[in-house]
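Visitor: take this sequence and fold it.
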Amino acid sequence: MTAKPSVPVQIAVSDPDNVPETVVTGPIILAMGPEVSTVILTSVRPNATLLMQGQPDTRPQAIVVDRLVIPTSILRQFHANLGQAFNALAIHQAGTAAPNGGIIMPRGESNH
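Guide: This next block holds a predicted model:
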């Protein structure tokens, strides 16, 4: 008798606190470990001190806006999801509809 493949459990997602978006326009720093990884997100901003003094800012700064500490296994899933999303976007931009109507589904699932 062969074992059935494991089926991922779908966890309901909610946003009761209406968490605000974080704007990320700067470099992304990634430190990967075998079990846990850190993703540091930055945003490019002008130097507020110079602006308040009425001076032009010729050297914007990358300011850390979020630091994610995430299990490396979940980061690998995120990497796979990004790949699927970029593939679907490329298909859409080429003028053909994505096979599932443009909806990004978890790996192995379909909306058909």
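
Visitor: what segments of this protein are strands?
Guide: 28-31, 36-45, 61-71 (DSSP state E).

Visitor: please identify the deepest-packed of those.
Guide: Using mean count of other CB atoms under 10 Å, the stretch among those with the greatest mean number of neighbours is strand 36-45 (a mean of 16). (Each C-beta comes from the backbone N, C-alpha and C, glycine too.)

Visitor: name the helices or strands packed onto it?
Guide: strand 28-31, strand 61-71, helix 72-93 (3 or more CB pairs under 8 Å, 6 or more residues apart in numbering; DSSP states H and E).

Visitor: before we move on, the earlier item: and of the strands of the chain, who's closest to Gln93?
Guide: Proximity to Gln93 (CB to CB) singles out strand 28-31 among the strands of the chain, at 23.0 Å.

Visitor: note down every partner strand of the closest one and its orientation.
Guide: Its sheet considered, strand 28-31 pairs with strand 36-45 (antiparallel) by DSSP bridges.

Visitor: angle of the strand it pairs with against strand 61-71?
Guide: 160 degrees (axes from the mean of the first three to the mean of the last three CA atoms, to 10 degrees).

Visitor: list the contacts of strand 36-45.
Guide: The contact list for strand 36-45 (CB atoms under 8 Å, 6 or more residues apart in numbering) reads 22-31, 60-72, 75.

Visitor: returning to that earlier point: tell me which of the helices and strands packed on strand 36-45 approaches Ile11 most closely.
Guide: Closest among the helices and strands packed on strand 36-45, once you apply CB to CB, is helix 72-93, at 12.0 Å.

Visitor: what is the closest one packed up against?
Guide: strand 36-45.

Visitor: next, the angle from the strand it packs on to helix 72-93.
Guide: 50 degrees.
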